[in-house]
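**Q** Fold the following for me, if possible:
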Amino acid sequence: MKKKIIIVEDEKPMLKVLTIKLENEGFEIETASDSDELFQKLIKEKFDLIILDLMLPKMSGFEILEKLKGESIQTPVIIASNLSQEEDRKRATELGAVDYIVKSDTSLVEIVNKIKAFLSEKK
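**A** Numbering: from 1, shown residues only. Next comes the predicted model:
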């Protein structure tokens with residue numbers, strides 16, 4: 001059975017490339033460009049992983065993490081952001097993120113490999 005991932009990203013080129021790469025690796029991908037879309041999809045479907053940008057319209061990734069925690073949504077979250085400050089990483093981890101990827105410092109192949117490694121551990 002295919003693992004289902006939802007990518008929450010408002011940068012269309014990044015979203016498209018990541019979607020194509022992950023689909024080519026055999027994952028089922030859904031996308032959301034903001035918090036409203038994400039929570040609408042979380043109500044309808046169960047996902048194995050959320051890939052979440054921090055800089056989003058409407059609600060920041062940090063606010064989304066707080067809401068996920070507040071609503072006891074157990075889906076693991078990997079942050080994929082260009083925010084590279086240690087305090088951002090620490091805050092995301094404290095709010096429940098399982099990993100933190102700085103997009104500008106990490107190749108697409110490395111991002112995909114981190115996601116694959118995490119999902120293969122989580123059987």
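**Q** could you point out where this protein is predicted with low confidence?
**A** Where the chain drops to pLDDT under 70, the residues are 123.
**Q** Go again with 90.
**A** The chain contains residues with pLDDT under 90 at 1, 121-123.
**Q** Report the central residue of it.
**A** Nearest residue to the geometric centre of the chain (CA atoms, centre = their mean): Ile51, 0.9 Å.
**Q** Which residues does the closest residue to it other than its chain neighbours form beta bridges with?
**A** Closest residue in space to Ile51, ignoring its immediate chain neighbours: Ile7 at 4.6 Å, by CB to CB, 6 or more residues apart in numbering. For every residue, glycine as well, the C-beta is placed using N, CA and C. Beta-bridge partners for Ile7, by DSSP bridges, are Thr31, Ile51.
**Q** isn't Ile7 right next to Ala32, touching?
**A** Yes: between Ile7 and Ala32 there is a contact at 7.4 Å, judged by CB atoms under 8 Å.
**Q** what do the two both touch?
**A** Counting by CB atoms under 8 Å, 6 or more residues apart in numbering, Ile7 and Ala32 have no common neighbour.
**Q** Quick check: Glu63 vs Ser72, distance?
**A** 16 Å (CB to CB, to the nearest Å).
**Q** do the same with Leu65
**A** For Leu65, the distance to Ser72 - CB to CB - is 13 Å.
**Q** More neighbours: the two, which one.
**A** Of the pair Leu65 and Ser72, Leu65 is the one with more neighbours under other CB atoms under 10 Å, namely 23 against 6.
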